[in-house]
Each structure stands twice: as C-alpha cells, then as structure tokens.
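Participant: Please find the sequence and the predicted model below.
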Amino acid sequence: MTPSAPTAGELIGTCRRSAIHLETRDVYSVDDELEEFEAWRSGARIDWDDRESWWNPFHQAVEDATKRGVDVLRARIVSLPPTDYIRYEHDYTRANVLSGEQVRWLPRDRATDIALPGNDFWLFDDKVLRVAHFSGDGHFLRGEITEHPDLVRLCASAFDTVWSRATDHEAFRL
C-alpha cells in the first residue's frame, strides 16, 4: 500500500464503471464537516433550493462520473439508535443522492455474520482500493491505495453482501 493516496473525488474522476464506498463508523470528525455538523446540532438545516450553499467539488465529481455511466454506490453500516453524527449524515445524504450516488443503510445488528474489512474503503472499477484510516474518535489519518487481489476480493464481497441487505436511503428511517 502507498503511504499517500489520491482523494476519492480524484479517483472517481478517473474511473470508468463503478465506485463503491463502505462506511462502518458511527462517528466521523472530518475537519471540513465539523462546523456544519455543529450548526446542524444547533438546529440549522440545509436549504436544498440553494445549491450553491451545499454543492462542492466532490458532488461535482460524482455527478460527472454518473453522467459518464459510472455507478457510484455508498453503503453505511450504522448502530441503532444512531449517534447524532449519523442523524446529521442521514439528513445530509440528500446531497449525495442529488449528485447521482445511490446510498443504502444497514443496521449494524444485521451485519453480524458479514466478514468485514477493518477499515472504510472505496473500490474503483473492481481494481483500485482506497483504504481510509481513522483515529478512534473519527479523525481522518490517511488514505492508502492497493490493488492487491485478495484485499480487493474481500472488500468487494463485503460490499456486495452489505448492499444486498441494506435499505435504500429514501426508505431508511432512523
């Protein structure tokens, strides 16, 4: 694995068929989201009619990819009852969906028998795996890239199982 890695948005920009993402944490402390999360906790909500206020380069990369015919899929395994962060993320997922992502949610108690990798990941075109490393409190530490066939197979299999059990975002209630 490489010690530094392109961002998921950069890799989405180069993929041709699929970009799949598995999230397994109940709390993320991603620096560029902290202010927005705190505002949400204080009652602020996104004005979905004001696209300029929430659209960002990642959403643009997803929209561009889906227009090229790339399937962009995200599955989230979450504990219930959810953390405040997962409630916020559920609200904000509308941005992902509006950019063209398909998003599904799986309650953690329905994932017990799935062999899951130890880290969140993106898998691009069933070949390039971007593993995300987080601290215990959810701060992003680094991303690593690998094309190791065994790791790619493990992650693809885990994602496929989660995806088949998960509920579409529009139907999932916290």
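Facilitator: In hand now; what should we look at?
Participant: Helices along this protein, start to end?
Facilitator: 8-12, 34-41, 51-54, 57-67, 84-99, 149-165 (DSSP state H).
Participant: Out of those, which gets nearest to residue 132?
Facilitator: Distance to residue 132, taken as Cβ to Cβ, is lowest for helix 8-12 among the helices of the chain, at 8.4 Å. Every residue, glycine included, has its C-beta placed from N, CA and C.
Participant: Could you pull out the buried residues of the closest one?
Facilitator: 8-9, 11-12 (16 or more other Cβ atoms under 10 Å).
Participant: Show me the two of these that sit farthest apart.
Facilitator: 9 and 11 (7.4 Å).
Participant: follow-up on the earlier one: the helices of the chain: which one's closest to residue 28?
Facilitator: Closest among the helices of the chain, using Cβ to Cβ: helix 84-99, at 6.3 Å.
Participant: pLDDT-wise, which helix or strand of this protein ranks last?
Facilitator: helix 34-41 (a mean of 91; mean pLDDT, DSSP states H and E).
Participant: tell me the angle of that one relative to helix 84-99?
Facilitator: Using axes from the mean of the first three to the mean of the last three Cα atoms, to 10 degrees, one finds that helix 34-41 and helix 84-99 are set 110 degrees apart in direction.
Participant: Now tell me what touches helix 34-41 from outside.
Facilitator: Identification of contacts with helix 34-41 by Cβ atoms under 8 Å, 6 or more residues apart in numbering yields 84-85, 88, 91-92.
Participant: Just the buried ones from those residues, in ChimeraX syntax?
Facilitator: Buried members of the contacts of helix 34-41, defined by 16+ other Cβ under 10 Å, are picked up in ChimeraX with:
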select :85,88,92
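Participant: Turn the contacts of helix 34-41 into a markdown table, columns for pLDDT.
Facilitator: Shown next, in a markdown table, are the contacts of helix 34-41 (pLDDT from 0 to 100):
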| residue | pLDDT |
| --- | --- |
| 84 | 95 |
| 85 | 95 |
| 88 | 96 |
| 91 | 96 |
| 92 | 95 |
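Participant: Out of the contacts of helix 34-41, the closest to residue 136 would be?
Facilitator: residue 85 (14.2 Å).
Participant: count of residues packed around the closest residue to that closest one other than its chain neighbours?
Facilitator: Leaving aside its sequence neighbours, residue 85 sits nearest to residue 27 (Cβ to Cβ, 6 or more residues apart in numbering; 4.8 Å). Using other Cβ atoms under 10 Å, residue 27 has 15 other residues around it.
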